[in-house]
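# no sequence for this one, just the structure:
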């Protein structure tokens, strides 16, 4: 019984920290608990109710909802947003690979952006390195924006997801 009481207390305290620290504005029709059954019932109401919403999301229907686009689980983030987030998260590795014109981050970015050829993307990023990485103090957002703009400006790369 003592173990159950401490487990329950940790859930409540953890949920309180989660709910209060994660109260950010969402453009999506759901709150911090994400999409699923809980988002239909509780929508984006802030606070501890998001813990209950997350519990409802975990009833087993969320996987189906994400796969089929039901229960407020629309399409995933647009590819350009995902590619920008990828570049921002992997900035150092991306810079090294762009300087070399090849590498794992170039291959991954090629896939995210829907480009036809990783080698061609690597060549363009290597050639345009100074345009993308203007200074060591440039923000991650600036770098990702310039990298995606570079990919968009080269129609021969056929980056179909960066419309």
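Now that the structure is in, tell me what you want to look at. Because the structure is a prediction, the values reported are computed rather than measured. Numbers count the residues shown, from 1 in each chain.
# Can you give me the distance of residue 128 to residue 40?
Noted for residue 128: a distance of 46 Å to residue 40, by Cβ to Cβ, to the nearest Å. For every residue, glycine as well, the C-beta is placed using N, CA and C.
# cool, residue 150 as well?
41 Å.
# And residue 93, by the same measure?
In terms of Cβ to Cβ, residue 93 sits 39 Å off from residue 40.
# Would you mind listing the buried residues in stretch 142-158?
Neighbour-count burial for stretch 142-158 flags 143-148, 150-151, 154, 157 (criterion: 16 or more other Cβ atoms under 10 Å).
# I'd say residue 86 and residue 109 touch.
Yes - in this structure, residue 86 is within contact of residue 109 by Cβ atoms under 8 Å, at 6.3 Å.
# So which of those two has more stuff around it?
For the pair residue 86 and residue 109, the greater number of neighbours falls to residue 109 (28 against 19), based on other Cβ atoms under 10 Å.
# which residues touch the more buried one?
Taking Cβ atoms under 8 Å, 6 or more residues apart in numbering, we find residue 109 in contact with 83, 86-87, 94, 115, 121, 147.
# quick one: pLDDT of it?
We have a pLDDT of 92 for residue 109.
# now residue 38
pLDDT for residue 38: 74.
# what's the distance between it and residue 159?
Using Cβ to Cβ, we find residue 38 at a distance of 36 Å from residue 159.
# ditto for residue 125
As judged by Cβ to Cβ, residue 125 and residue 159 stand 12 Å apart.
# intersection of neighbour lists for these two?
Residues touching both residue 125 and residue 159 (Cβ under 8 Å, 6+ apart) are residue 151.
# Show me which of these two is the more surrounded one.
Neighbours per residue, other Cβ under 10 Å: of residue 125 and residue 159, the larger number sits with residue 125, 29 against 24.
# Would you map the helices across the chain?
2-21, 37-42, 49-57, 62-68, 79-89, 91-100, 104-113, 118-127, 129-132, 140-153 (DSSP state H).
# looking at those, which one has the lowest mean pLDDT?
Of all those, helix 2-21 carries the lowest average pLDDT, namely a mean of 45.
# Cool, thanks, talk later.
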